[in-house]
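J.: sequence and predicted structure below; questions after.
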Amino acid sequence: MSFRDLDIKIRYRSGIHDFPKDFLIPVLSKSKIYKRGTGYFSTSALVQLSIGLFNMAKKGGLIQLVCSPNLDAEDIKAIQLGYKTRDEVIEKAIVKGISDPVNYFEEERLNLIATLIAEGTLDIKIAFMEDENGFRLYHEKMAVFVDEYGNKISYAGSPNESQNGLEGNFESIYTFCSWKDASQIEAVCTAESDFDDMWDNRTTKLHVVDFPKIAVDKLMIYKKDRGIDWEVDNKQFRFDELLVKPPKFFKPDGVELHKYQELAVKKWIKNDYQGIFDMCTGSGKTYTALAATVEFSRRYNERIAVIIVCPYIHLVSQWEEDVVNWCRVPIIIAHSKASCDWKLEMRKAYKRFKRDNSPFVCITTNDTFSGDEMQNFITRFDKEKPVLIIVDEAHNFGSNQMISVMPWNIVNRIALSATINRYMDKSGTNKIVEFFGEKCVEYSLEQAIKDGKLVHYEYYPIPIALSEQELGKYRELSRKLKKYIVIQNGKMRISDAGKPVIYERTRLLAGAENKIPLLMELFEDYKNDNNILVYCGATGIEEEESGTTIRQIDLVTQKLQVEFGMSVKRFTAEENLKDRENIKKYFAQGQYQVITAIKCLDEGVNIPGIKTAFIMSSSRNPKEFVQRRGRLLRKSNNKNKAVIYDFITLPRELDDVIPSDFDEDRTIIIGEVARMLEFGRLADNPQNTDLLVNQIMESYDSYFDAENEIEKMEEYYGE
């Protein structure tokens, strides 16, 4: 058992925690090495130092203690004036600090201390400062604990190993753990390095000397020939009860599952721990999966391994934030930018799990999961072992890359997705269902809005026409696509070789030049507002003045800053995780009025504070734009309703349309109408959508079922 099995708090504070019982005893019971720098030496300090040491000493642990002699002003003056030697004064103070025990427990604790000193298990040194400014005392408080696996804990804070320090005074400490983030690892390493330098008398201005022999001799009178009563901690503090292990997997206080989440978990269990959680964005997919994990852990007495797979690195971070609140086991973060050597951590965890089912959680990305280094572990899991795989945004698991590494040897599975069906990929969808099993829950966005899990919204489709030049280019690309028509299973469709042409055509629609002037016109009413998202396309626009191409997102950012003086921040793949977190924080606080973004709504980024969204570029994939809408409707304290402006790209102005244009324009028209109808049907103002859809169909004199037409387009274009 290691430190990682303990629930180590960030802070321990009087009035909230009992420092010896909540921290010292559990940690020391698993320690192999204990290094402690404290204040004044005394018998009471040694008595308190012994709390938790019985179990450690029984296993042969090593304790190093650095403390200061408790000198009064007269003692220090005697040293400075030369009346007495420094060693003489220190020896006297140390011996004076040793007093007879007052009860059985103190007797036994001093017996332990004396025995440990005699056996060389406990070593004490005395520290003080002596320089040109005279003699002064060492009064630092620090500690480093090391377990048998090399895990380390350090703390900084005020408690002394004295009766007042541990029980009487109001004290606090802050802990750092070597298996957590980079800053904690650095803190632990720094603390241990500082202690080791001090122990070896390498610390500037500080002198460290051996514990006086006369004091050791006096302590030896408390050593009992009959040996040590190893049950002292248990007798005095009911030690066994203190070490009753809290559950390793648990539902956090304050978290209550909704009925549909509870039913999903029950059905998943009934389905032999396999299934799909088809739940809209914002409805609690993560918590449902973690609740299922808790139930799974109970079945196997918490001796389980959990592998969580996400499509993006920032989703790994979001999962980690939740997972740490649901379990007390090692959590391994595995991806290309991980702060630790995840391969080494995974190797250790895998070996411990293989040996005795020591539990752990690994959170990784699709790319890392499918790589050889991770697959080296995944493929070796025994089919009979209690391993659970949770896949977030599981529709991505139906790609050829992920199908090739589907871990069939892991039989316990959860798929999470708001859109489990893959767009234009029935084969990939079927493979997902084959691997994960049937749906355990289907919770729609419509139901989430009705139940108050997501906010209501107003939807305003904003028509914008292509320029004559853009329309000509679009038609040229459409004619080019005809070269890539193939027959598959008796149906015509575009081959993979034609996909780049489709992407170029999509970028053309996203970057239509009339969008930015219209956006600026709309922003006249919002220039003094905040919590605004402008969702841009991954495309470029040619500037009129310079003739150079600039990204749409950069031009939008620049114009909002210059023309309206707004505080605007980009949110793209170029910003690292820390920058993204800061952008979200300052956006929520109102310091940034606008976020301009690319793809963030597709990547599962959680920005619940968005009140107004301008969607300049939207996917032709219904599954994607449904997800995007869900992310815009997340609840937050600053909004009761969301407002969505959706730029509807039309081939030409509706006044210029003649019915015969429909055959050439149908690809654009059908895709845009389908999205409008989907967004509009749940909006608080569906009449705006109905009006524009009717205008479009009347202009083309063509009335069609958008859903059926989209299905045909999926099969044909694969857009």
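T.: That came through fine. Quantities reported herein were computed from a predicted structural model and do not represent experimental measurements.
J.: for the longest helix seen in the chain, packing partners?
T.: Ranked by residue count, the top helix of the chain under DSSP state H comes out as helix 662-681. When contacts are defined as 3 or more Cβ pairs under 8 Å, 6 or more residues apart in numbering; DSSP states H and E, helix 662-681 sits against strand 456-465, helix 468-481, helix 622-632, strand 641-650, helix 686-700, helix 706-717. C-beta coordinates here come from the backbone N, C-alpha and C atoms, glycine included.
J.: what would the ones you listed look like in JSON lines with mean pLDDT and mean neighbour count?
T.: Converted to JSON lines, these look like this (pLDDT from 0 to 100; neighbours: other Cβ atoms under 10 Å):
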{"stretch": "strand 456-465", "mean pLDDT": "96", "mean neighbour count": "19"}
{"stretch": "helix 468-481", "mean pLDDT": "89", "mean neighbour count": "14"}
{"stretch": "helix 622-632", "mean pLDDT": "73", "mean neighbour count": "21"}
{"stretch": "strand 641-650", "mean pLDDT": "95", "mean neighbour count": "21"}
{"stretch": "helix 686-700", "mean pLDDT": "94", "mean neighbour count": "16"}
{"stretch": "helix 706-717", "mean pLDDT": "60", "mean neighbour count": "16"}
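J.: can you lay out those as a markdown table showing distance to residue 310?
T.: Formatted as a markdown table, the helices and strands packed on helix 662-681 follow (distance: least, Cβ to Cβ, whole Å):
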| stretch | distance to residue 310 |
| --- | --- |
| strand 456-465 | 27 |
| helix 468-481 | 34 |
| helix 622-632 | 15 |
| strand 641-650 | 25 |
| helix 686-700 | 34 |
| helix 706-717 | 26 |
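J.: nearest approach to residue 287 belongs to which of these?
T.: helix 622-632 (15.9 Å; Cβ to Cβ).
J.: doesn't residue 701 make contact with residue 654?
T.: No - with contacts counted by Cβ atoms under 8 Å, residue 654 stays clear of residue 701, the gap being 11.9 Å.
J.: out of the two, which sits in the more crowded spot?
T.: residue 654 (15 against 12; other Cβ atoms under 10 Å).
J.: state the distance from that one to residue 671.
T.: Residue 654 sits at a distance of 17 Å from residue 671 (criterion: Cβ to Cβ, to the nearest Å).
J.: tell me where the stretch 301-450 of the chain has helices.
T.: When assigned using DSSP state H, counting those that start in this stretch, the helices of the stretch 301-450 of the chain occupy the ranges 313-323, 342-356, 366-370, 372-378, 400-403, 426-436, 445-450.
J.: quick one, which of those helices is packed in tightest?
T.: helix 366-370 (a mean of 20; mean count of other Cβ atoms under 10 Å).
J.: same for it, what does it pack against?
T.: strand 305-310, helix 372-378, helix 400-403.
J.: stretch 539-556: end-to-end distance?
T.: Here the two ends of stretch 539-556 are set 12 Å apart, with distance taken as Cα to Cα, to the nearest Å.
J.: now the longest helix of the chain, how far from the chain's geometric center?
T.: 38 Å (Cα atoms, centre = their mean, to the nearest Å).
J.: and the host helix or strand of residue 197, which residues are buried?
T.: Following DSSP states H and E, the helix or strand that holds residue 197 is helix 182-199. For helix 182-199, the neighbour count (16 or more other Cβ atoms under 10 Å) marks 184-185, 187-188, 191-192, 194-195, 198-199 as buried.
J.: would you mind putting the CA coordinates of the following helix or strand past that helix into CSV?
T.: The helix or strand immediately downstream of helix 182-199 is strand 206-210, counting by DSSP H and E. Only the C-alpha atoms of strand 206-210 are listed here, as CSV (Å, rounded to 0.1, in the frame of the first residue of the first chain):
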residue,chain,number,x,y,z
LEU,A,206,23.0,27.4,9.5
HIS,A,207,25.1,25.1,11.7
VAL,A,208,23.9,21.5,12.3
VAL,A,209,25.6,19.4,14.9
ASP,A,210,25.1,15.9,16.4
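J.: tell me the spacing between the closest residue to residue 232 other than its chain neighbours and residue 415.
T.: Distance criterion Cβ to Cβ, 6 or more residues apart in numbering; nearest residue to residue 232, sequence neighbours excluded, is residue 108 at 4.6 Å. The gap separating residue 108 from residue 415 is 57 Å, by Cβ to Cβ.
J.: of those two, who's got more company?
T.: residue 415 (28 against 24).
J.: now do the contacts for the residue lying closest to the more buried one once chain neighbours are set aside.
T.: Take residue 415 and drop its neighbours on the chain: the residue closest to it by Cβ to Cβ, 6+ apart is residue 394, 3.6 Å away. Residues near residue 394 by Cβ atoms under 8 Å, 6 or more residues apart in numbering: 276, 415-417, 420, 432, 436.
J.: over to residue 518?
T.: Contacts for residue 518 (Cβ under 8 Å, 6+ apart) come out as 462, 464, 647.
J.: related to what we said a few turns ago, closest to residue 707 out of the contacts of residue 394?
T.: Nearest member of these to residue 707, counting by Cβ to Cβ, is residue 420, at 18.1 Å.
J.: the closest one is in contact with residue 428, isn't it?
T.: No - judged on Cβ under 8 Å, residue 420 makes no contact with residue 428 at a distance of 10.6 Å.
J.: I'd like the next helix or strand past the host helix or strand of residue 28.
T.: For residue 28, the element it lies in under DSSP H and E is helix 25-29. Following helix 25-29 in sequence order, the next helix or strand is strand 31-40 (DSSP H and E).
J.: export the helix or strand following that next one as PDB, just CAs?
T.: Going down the chain from strand 31-40, the next helix or strand is helix 43-49, by DSSP H and E. Taking Å, rounded to 0.1, in the frame of the first residue of the first chain, the C-alpha atoms of helix 43-49 are listed here in PDB:
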ATOM      1  CA  THR A  43      10.200  15.600  25.900                       C
ATOM      2  CA  SER A  44       6.700  16.600  24.800                       C
ATOM      3  CA  ALA A  45       8.100  17.100  21.300                       C
ATOM      4  CA  LEU A  46       9.500  13.600  21.300                       C
ATOM      5  CA  VAL A  47       6.200  12.200  22.600                       C
ATOM      6  CA  GLN A  48       4.200  13.900  19.900                       C
ATOM      7  CA  LEU A  49       6.800  12.900  17.300                       C
END
